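>>> model the structure of this input:
(2 chains)
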Amino acid sequence: MTELHHLTLAELNEGLRARRFSSVELARHFLARIERLNPALNALITVTPEYALAAARRADELLASGEAGALAGLPLIHKDIFCTDGVLTTCGSRMLSNFVAPYDATIVEKLSQSGVVMLGKANMDEFAMGSSNETSFYGPVKNPWDLKKVPGGSSGGSAASVAARLAPVATATDTGGSIRQPAALTGLTGLKPTYGRVSRYGMIAFASSLDQAGTMTITAKDAAMVLRDMAGFDPRDSTSVDTPVPDYVAGLDRPLAGLKIGLLKEFFESGLEESTAKLIREALQVYERLGAKLIEVSLPNLPLSVPTYYVVAPAECSSNLSRFDGVRFGYRCENPQGLEDLYMRSRGEGFGAEVKRRIMTGTYVLSAGYYDAYYLRAQKVRRLITDDFARAFQQVDVLMGPTSPTPAFDIGAKVDDPITMYLNDIYTIGANLAGLPAMSIPCGTVGGLPVGLQIIGPHFAEAKLLNVAHGYQNETLWHRDIPKGYA
Amino acid sequence: MMSWETVIGLEIHAQLATRSKIFSSAATAYGAAPNAQANLVDLGYPGVLPVLNREAVRMAVKFGLAIGAQISPRSIFARKNYFYPDLPKGYQISQYEKPVVEKGSMQILLEDGSVKVIGITRAHLEEDAGKSLHEDFQGASGIDLNRAGTPLLEIVSEPDMRSAKEAVAYLKKIHTLVRYLEICDGNMQEGSFRCDANVSVRPQGQEKFGTRCEIKNLNSFRYIEKAINYEVARQIEEIEAGRSIKQETRLFDPDKGETRSLRSKEEANDYRYFPDPDLLPVVIEKDFIEGVRGTLPELPDQKAGRYVEKFGLSAYDAGVLTASREMGDFYEAVLASLKSKNLEGNEKLAANWTMGELSAALNKDGVEITGTRIDAARLAGLLARIADKTISGKIAKEVFEAMWSDGVDADAIIEAKGLKVITDTGAIEKTIDEVMAANPKQLADYRSGKDKLFGFFVGQVMKVTGGKADPAQVNELLKKKLAG
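Below is the predicted model of the structure:
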């Protein structure tokens, strides 16, 4: 029998509007699942049942009056990186373990206006720094496909929540792959929009020139619905772009015949497991059947993206995280003995090891005498990588390849080896450096663990990406798989 | 004895007179309750982002145009990273490699009357920090972030000044200019106009600069001169004693009149400047620049030039009258008022009175020209009586004093006190006759050839008339009468 949590966001929306169930019923259903399933998963840091039920009641009234927004009554979980007015906002850190945000992030505000019902806040790597959700002050998130495995990171809580159907959708953020990699590792559709497509206001900054908010959903259609109401210019974010938001849902069913797909040569070379490669090839065959053409393309500078990223992102983070000093908000050490002690102990005790590692790396690469060799050079390479992508998009409509070199790995397996952990982002970082929109969609499983196909498009080609992903999801059912024990 | 040359460069911080802050919508007004004018952006809350205030850019461009500088078509905001409790984000947003204004200059008038050009390397936009208050908190410190995020224009000169006097002259010119442009209120006490001085000395004739020290906390023209002179003497003394100058930041202590070391170069922060990824490059289009150019007022130097050329004033007087926009406006209002009375051609008279009696009275009362008790029209009323010879200059000073203290018009005072010049020939002749009659001996002596006694008779006539007789008429009539 089909239960509410088996439905996609689009299906739930239809049901709500057809009055087959109410928003309050939906909220209660998912809140009950959270209560029952979250303790083992650790996917949520905060659950907000009162907030949710109040919002659901309002949504029901609006649905009845016919004045409801596009997403009215639909349950959603926000990544705990987004400020939510009056609700604890931790960013996965001890530093903000007492921080009740005094305002809503722009996307939180926009989605509320559209009528979504927030159920709670998702666990995440501390300050979004991590690829396995093991750096959270609130403990690791478990992968619902196998509780011994990581769900990926940094949006691991968002991914585990939707994979376990604790909510039909979660917001997420992607600085180096933090939406796509966990989406791949948990069998979800993850969308990282173009840099500037979605406002960063109220999203706690990790690396400002790379951070972008997006969605973790069951289907591409669901992502299209949510993005439509999340995206758009925000006068409070100077880096958001003032370009119209298309109706992403309207373009989903365009035929894919003649689509030119670029296969990233570099992605199929180093480090990719054969079992994963095989699934990617099979997915490409599906596209060929739909009339797409496959063209191999090379991005010669792409292999430099990991070292480039690990200069740029830490540099920005070292500065962005300076505001956490124990003076105005957040964690403050006990009995500080003077200013320096206040700084050193508040930051020393408030931040975890990975965050400190990146602050130190970033401080180093920006220091006098090293700036040119590291930061400036990294910015130049970033430009080369961006140019590589631009050249590729003169030949092809989208680029495809794997999202992650392997399926989900064991909790604890890479936690002591930062370099190996960083290499997990090898396929995803390029899109961040170039500011491109990119998705991951499920395309099969290896040993019972999901594998993701990555699709990268030119700037502001979200509609095209969603159309391409939706075309595949019309032909396959991988995206409807629910991990055992969560159906 | 070796002779030393002083080298000075100034970094001026002018607080821009925008209504809201440079990156947030909070108000900038001075004097609010602590932290009442600091919003989430100013407090550096998690997730907030800066948005550039266009008005601050407009003001910076206005300044750039006024000093004949280049306006960068594309300038970049950078982060200057350091920890301090009154710096909420842990970095200050400033401009580093690409400032909005580059390569301008300013002329100053030296004491010998010659003109010197001071180069202005750059002017860049940045945000101010808050204030730390170390009293009244039982050993802890209080932080007031009202000032955090207030827009500043940092104006950096070339090391072109060679004495404290030149530095003060330059600083005053910039002070005058920013107020003319209405981009800064120039209030030094409230800190809206302040400056740091880079000072070094070198042997006269040497090309290479000496090691410089930066003096901070200079918030009055007097302090700057004192601080620089102290620092120059200190550096010369150090070098002559065989020691070397260490590059360091020094603080001026106005109570002791000396500078003292704050931190050495080694202790200085590594600010780790890098472009602020939250802000796009500032792109300034030609149209915008031309729009701003259209709003430029007549600049102080242009105005002074006009006074010299059209009114025949000295360069010095023109400089004094144009030192503030209000002073120039007052002076020109006096001229306009005289013109309406058909008394043109009295520009020098008006200049002398504005700079002389009026300025002295203002100084005595400690008020600005905007608070004057004799407005331009009333001063013109007095000058009109001098110009049409109703009263003498000497009497006019008496009238001025009465006007200042009683607030009455010149004519009323002249009338009430009967100060009008006596031009009635009959009346003067009558007085002369009386004087001659009262001094028969002197009259006889004069007539027997003692010409010098003429002055005696003039004095007597003036004395009897209370100084009101028209001196020219007295002279003429006396000569006739004395000759018999």
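>>> get me the contact residues on the stretch 151-300 of chain B for chain A.
B:D270, B:R272, B:Y273, B:F274, B:P277, B:D278, B:L279, B:L280 (Cβ under 8 Å from any Cβ of the partner chain). (C-beta placed from N, C-alpha, C; glycine too.)
>>> so how far is A:C91 from A:R382?
25 Å (Cβ to Cβ, to the nearest Å).
>>> actually A:M225, sorry about that
27 Å.
>>> repeat for B:I76
In terms of Cβ to Cβ, B:I76 sits 28 Å off from A:C91.
>>> which parts of the stretch 1-150 of chain A are helices?
Taking DSSP state H, counting those that start in this stretch, the helices of the stretch 1-150 of chain A run over residues A:9-17, A:23-41, A:49-65, A:106-113.
>>> buried set for the shortest one?
If I follow you right, that is helix A:106-113. Buried residues in helix A:106-113, defined by neighbour count with 16 or more other Cβ atoms under 10 Å in any protein chain shown: A:T106, A:I107, A:V108, A:E109, A:K110, A:L111, A:S112.
>>> run through the stretch 1-150 of chain B and note the low-pLDDT ranges.
Applying pLDDT under 70 to the stretch 1-150 of chain B flags residues B:1.
>>> the helix or strand B:I155 falls within packs against which elements?
In the assignment (DSSP states H and E), B:I155 maps to strand B:151-157. When contacts are defined as 3 or more Cβ pairs under 8 Å, 6 or more residues apart in numbering or on different chains; DSSP states H and E, strand B:151-157 packs onto strand B:4-15, helix B:54-66, strand B:115-127, helix B:164-180.
>>> how about a cut-off of 6 Å?
strand B:4-15, strand B:115-127 (3 or more Cβ pairs under 6 Å, 6 or more residues apart in numbering or on different chains; DSSP states H and E).
>>> who does the longest one pair up with?
In the sheet containing strand B:115-127, the strands it pairs with under DSSP bridges are strand B:101-109 (antiparallel), strand B:151-157 (antiparallel).
>>> return the angle between stretch directions for that strand and helix B:54-66.
170 degrees (axes from the mean of the first three to the mean of the last three Cα atoms, to 10 degrees).
>>> buried stuff in strand B:115-127?
Those would be B:I118, B:I120, B:T121, B:R122, B:A123, B:H124, B:L125, B:E126, B:E127, for strand B:115-127 by 16+ other Cβ under 10 Å.
>>> quick revisit: A:M225 and A:C91: who's more crowded?
A:C91 (34 against 26; other Cβ atoms under 10 Å in any protein chain shown).
>>> looking at chain B, which helix is longest?
The longest helix of chain B (DSSP state H) is helix B:221-240.
>>> give me the helices and strands touching the helix or strand following that one, please.
As assigned by DSSP H and E, the chain's next helix or strand after helix B:221-240 is strand B:248-253. Applying 3+ Cβ pairs under 6 Å, 6+ apart, one finds that strand B:248-253 contacts strand B:213-218, strand B:258-264.
>>> quick one, the last one and strand B:248-253 angle?
Using the same axes, to 10 degrees, the direction of strand B:258-264 lies 140 degrees away from that of strand B:248-253.
>>> over to the first one?
In this structure, strand B:213-218 runs at an angle of 30 degrees to strand B:248-253, with the same axes, to 10 degrees as the basis.
>>> need the helices and strands packed on strand B:248-253 in JSON lines with mean neighbour count and mean pLDDT, can you?
Listed next are the helices and strands packed on strand B:248-253 as JSON lines, based on neighbours: other Cβ atoms under 10 Å in any protein chain shown; pLDDT from 0 to 100:
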{"stretch": "strand B:213-218", "mean neighbour count": "21", "mean pLDDT": "90"}
{"stretch": "strand B:258-264", "mean neighbour count": "15", "mean pLDDT": "89"}
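>>> report how many residues lie close to B:V334.
Neighbour tally, B:V334, other Cβ under 10 Å: 27.
>>> tell me which element it is part of?
helix B:325-340.
>>> quick check: A:T403 touching A:R180?
Yes - counting by Cβ atoms under 6 Å, A:T403 does reach A:R180; the two are 5.0 Å apart.
>>> hmm, back to that, make JSON lines from the strands paired with strand B:115-127 and add mean neighbour count to it.
Listed next are these as JSON lines, based on neighbours: other Cβ atoms under 10 Å in any protein chain shown:
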{"stretch": "strand B:101-109", "mean neighbour count": "19"}
{"stretch": "strand B:151-157", "mean neighbour count": "24"}
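>>> what's the local residue count around B:T249?
Around B:T249 there are 17 residues (other Cβ under 10 Å).
>>> from what I see, it and B:R263 are in contact.
Yes - B:T249 is in contact with B:R263 according to Cβ under 6 Å; the separation is 5.2 Å.
>>> which residues touch the residue positioned nearest the centre of chain A?
Taking Cα atoms, centre = their mean as the criterion, A:I179 is the residue nearest the geometric centre of chain A, at 2.4 Å. With contact taken as Cβ atoms under 6 Å, 6 or more residues apart in numbering or on different chains, A:I179 is in contact with A:S155, A:A172, A:G190, A:K192, A:G214.
>>> residue of chain B with the smallest distance to chain A?
Nearest residue of chain B to chain A (Cβ to the nearest Cβ) works out as B:G90 at 2.4 Å.
>>> neighbours of that residue, just the number please.
Around B:G90 there are 21 residues (other Cβ under 10 Å).
>>> from memory it sits against A:N320, does it?
No - judged on Cβ under 6 Å, B:G90 makes no contact with A:N320 at a distance of 8.8 Å.
>>> dump the residue contacts of A:F267.
Neighbouring residues of A:F267 by Cβ under 6 Å, 6+ apart: A:G401, A:Y427.
>>> now the residue of the stretch 251-400 of chain A found nearest chain B: closest residue in space that isn't a chain neighbour?
Nearest residue of the stretch 251-400 of chain A to chain B, counting by Cβ to the nearest Cβ: A:S322, 2.4 Å away. Nearest non-adjacent residue to A:S322, counting by Cβ to Cβ, 6 or more residues apart in numbering or on different chains: B:G90, 2.4 Å away.
>>> quick check on the one you found: phi, psi?
As for B:G90, its main-chain torsions (degrees, to the nearest 10) stand at phi 80, psi 10.
>>> list the contacts for it?
A:S322, A:R323, B:F83.
>>> would CSV of these with secondary structure and distance to A:V365 be doable?
Shown next, in CSV, are the contacts of B:G90 (DSSP: H, G, I helix; E, B strand; the rest coil; distance: Cβ to Cβ, whole Å):
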residue, secondary structure, distance to A:V365
A:S322, helix, 15
A:R323, helix, 20
B:F83, coil, 18
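>>> one step back: select, out of the helices and strands packed on strand B:151-157, the one closest to A:S131.
strand B:115-127 (35.4 Å; Cβ to Cβ).
>>> tell me the buried residues in stretch A:134-149?
A:134-138, A:140-146, A:149.
>>> returning to that earlier point: will you turn the contacts of B:G90 into CSV that also has neighbour count and distance to A:A487?
Below are those laid out as CSV (neighbours: other Cβ atoms under 10 Å in any protein chain shown; distance: Cβ to Cβ, whole Å):
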residue, neighbour count, distance to A:A487
A:S322, 22, 46
A:R323, 22, 44
B:F83, 15, 52
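>>> of these, which is the nearest to B:S94?
Distances from B:S94 to the contacts of B:G90, taken by Cβ to Cβ, are shortest for A:S322, at 14.8 Å.
>>> just the C-alphas of stretch B:343-350, formatted as CSV.
C-alpha atoms of stretch B:343-350 as CSV (Å, rounded to 0.1, in the frame of the first residue of the first chain):
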residue,chain,number,x,y,z
LEU,B,343,27.7,100.6,-3.8
GLU,B,344,29.8,98.4,-6.0
GLY,B,345,33.6,98.5,-6.0
ASN,B,346,33.9,98.0,-2.2
GLU,B,347,35.2,94.4,-2.4
LYS,B,348,38.4,95.2,-0.4
LEU,B,349,36.4,97.1,2.2
ALA,B,350,34.1,94.1,2.6
